[in-house]
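Enquirer: just the structure for this:
(one chain, ligands or ions: 2)
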Amino acid sequence: MIVSMKDVIKRYDGERLALDYLSLDVKAGEVVGLLGPNGAGKTTAISAIVGLLDIDEGIIEVFDKPQNNGNLETRKRIGLVTQEVTVYEDLSAYENLLFFGKLYGLRGERLKSRINTVAKLIGLEGRLHELPKKYSGGMKRRLNIGCALLHEPELIIMDEPTVGIDPQSRNYIIEFVKTLAKETDTAIIYTSHYIEEVEAIADRVYIIDQGHIIAKGTVQSLIESIKGDQRIAIDVKTPNENVLSALEAIDDVVGVRLENKTYHITAAAHADVLDKLLSILATQTIRNVANEQADLEDVFLTLTGKSLRDGEAG
Ligand SMILES: Nc1ncnc2c1ncn2[C@@H]1O[C@H](COP(=O)(O)OP(=O)(O)O)[C@@H](O)[C@H]1O
Ligand SMILES: [Mg+2]
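Expert: Numbers count the residues shown, from 1 in each chain. Ligands and ions are numbered 1, 2, ... in the order given. Here you go, the predicted structure:
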């Protein structure tokens with residue numbers, strides 16, 4: 001076990017609970033997504049795992065040892081990419097990598113070879129002698145990630161690494177995390193309030209709200225757990241009300257509605273109804289068919305009654 005948190009409670013200044021009986025586990029080689037809206041407690045949970053803050057109650061073990069504030073041996077085996085980008089703007093990218101490498105005890109040839117390897121991983125080879133202040137937000141973020149990888153940590157923690165950066169760097173980081181996970185045995189904790197990212201990256205997801213884990217599992221199992229109906233929209237040239245009852249009679253079809261030139265069909269999750277729908281509509285000219293599966297947003301909505309996406313502006 002890489003990380004084990006059990007019933008962890010954290011209060012800032014004796015105020016509202018930031019962590020409210022939070023429990024989670026991370027095993028070797030897995031990418032764990034921590035998904036939750038702003039203020040849910042993601043950064044607090046991570047700070048506790050790394051040993052950067054004291055908790056009020058509960059147990060945290062990292063690498064099978066109790067975690068406590070200031071545990072340097074454990075800290076050296078973790079690569080932390082904080083929510084705020086922390087690079088020195090007036091040192092070149094190369095000097096930044098040198099600095100952080102030395103901080104983790106790397107020296108000489110080993111340090112140089114790690115810098116080369118990491119520069120390729122983050123796609124900044126050839127740009128290392130520039131100052132980060134001339135970089136785009138996405139490049140700064142990639143440098144920042146590189147600084148956390150030099151010492152080959154067994155656990156990498158990334159706290160909302162794609163907030164506020166261009167889509168290209170965002171995709172780069174997502175692909176990079178997937179590759180890193182596949183090619184090494186590194187455990188990765190990835191926090192985000194972007195549903196699509198967590199769905200793309202995580203082997204397992206914890207959904208966190210108000211300091212508490214409200215759901216956990218693979219993306220697929222979470223979606224299945226809410227038994228989300230699938231929604232199919234079929235646009236036609238000339239709709240015909242007379243087929244509605246035939247569509248409704250199909251097994252696993254829950255509801256049918258005609259709106260303008262679109263049939264909106266609701267069917268049980270994962271039921272194969274499309275062939276039957278299309279054969280009933282065979283005499284009509286079909287313009288478009290859209291299938292909307294439930295996603296983690298629906299899971300969050302079902303469990304909390306709130307929308308996760310509402311928090312994205314904040
Ligand atoms: N240093 C702090 N002092 C007081 N309250 C804090 C502090 N850091 C976070 N909080 C509060 O704790 C809760 C969880 O915050 P945080 O862990 O930053 O959430 P997230 O990272 O999911 O956005 C929020 O209500 C936040 O306002
Ligand atoms: Mg945060």
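
Enquirer: all helices of the stretch 101-250 of the chain, in order?
Expert: Under the criterion DSSP state H, counting those that start in this stretch, helices of the stretch 101-250 of the chain are mapped to 108-121, 137-147, 167-183, 195-201, 219-225, 244-248.

Enquirer: in this structure, where is pLDDT below threshold?
Expert: 69-70, 227-228, 310-314 (pLDDT under 70).

Enquirer: A strand includes Gly255, no?
Expert: Yes - counting by DSSP: H, G, I helix; E, B strand; the rest coil, Gly255 is found in a strand.

Enquirer: does it touch Val273 like I think?
Expert: No - Gly255 is not in contact with Val273 according to Cβ atoms under 8 Å; the separation is 11.9 Å. C-beta here means a position set from N, CA and C on the backbone, and glycine is covered the same way.

Enquirer: who has more neighbours out of those two?
Expert: A direct count of neighbours by other Cβ atoms under 10 Å for Gly255 and Val273 places Val273 higher, at 19 against 12.

Enquirer: the more buried one is in contact with Ile265, isn't it?
Expert: Yes - in this structure Val273 lies within contact range of Ile265 using Cβ under 8 Å: 7.4 Å.

Enquirer: what touches both of those two?
Expert: 232, 253 (Cβ atoms under 8 Å, 6 or more residues apart in numbering).

Enquirer: any common contacting residues for Gly255 and Val273?
Expert: Shared contacts of Gly255 and Val273, counting by Cβ under 8 Å, 6+ apart, come down to Ile265.

Enquirer: show me where the stretch 1-150 of the chain has strands.
Expert: 3-11, 17-26, 31-35, 57-62, 65-66, 78-81 (DSSP state E, counting those that start in this stretch).

Enquirer: neighbouring strands for the shortest one, and are they parallel or not?
Expert: Neighbouring strands of strand 65-66 in its sheet, by DSSP bridges, are strand 57-62 (antiparallel).

Enquirer: residues contacting the partner strand, please?
Expert: 1-9, 19, 21-22, 48-49, 51, 66-67, 71, 74, 78, 155.

Enquirer: and Ile208, bridged to which residues?
Expert: Residues in beta-bridge contact with Ile208 (DSSP bridges): Ile213.

Enquirer: list the contacts for it?
Expert: Going by Cβ under 8 Å, 6+ apart, Ile208 touches 22, 34-36, 40-42, 45, 214.

Enquirer: can you lay out those as CSV showing distance to ligand 2 and neighbour count?
Expert: Shown next, in CSV, are those (distance: Cβ to the ion, whole Å; neighbours: other Cβ atoms under 10 Å):
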residue, distance to ligand 2, neighbour count
Leu22, 14, 25
Leu34, 10, 28
Leu35, 12, 29
Gly36, 9, 26
Ala40, 8, 25
Gly41, 8, 24
Lys42, 5, 23
Ala45, 9, 30
Ile214, 17, 15
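
Enquirer: how is this protein divided into domains?
Expert: 3-224, 229-293 (automatic domain parsing).

Enquirer: can you get me the start-to-end distance on the shortest one?
Expert: From the first residue to the last, domain 229-293 extends over 8 Å; the measure is Cα to Cα, to the nearest Å.

Enquirer: now Asp229: closest residue in space that isn't a chain neighbour?
Expert: Leaving out its chain neighbours, the residue that sits closest to Asp229 by Cβ to Cβ, 6 or more residues apart in numbering is Thr266, at 4.9 Å.

Enquirer: what's the burial count for that neighbour?
Expert: 15.

Enquirer: just Arg75 next, same as before
Expert: Neighbour count for Arg75, taken as other Cβ under 10 Å: 16.

Enquirer: hang on, isn't it packed against Phe63?
Expert: No - applying Cβ under 8 Å as the test, Arg75 and Phe63 come out as separate, 10.8 Å apart.

Enquirer: related to what we said a few turns ago, run through the contacts of Ile208 and flag the ones next to ligand 1.
Expert: 36, 40-42 (Cβ under 6 Å from any ligand atom).

Enquirer: taking those together, which two end up most distant?
Expert: Maximum pairwise distance among these (Cβ to Cβ): 7.0 Å, between Gly36 and Gly41.

Enquirer: who are the contact partners of Leu277?
Expert: Going by Cβ under 8 Å, 6+ apart, Leu277 touches 232, 234, 247, 250, 253, 263, 265.

Enquirer: let's verify it: helix, strand, or coil?
Expert: helix.

Enquirer: what about it, distance to Thr283?
Expert: 13 Å (Cβ to Cβ, to the nearest Å).
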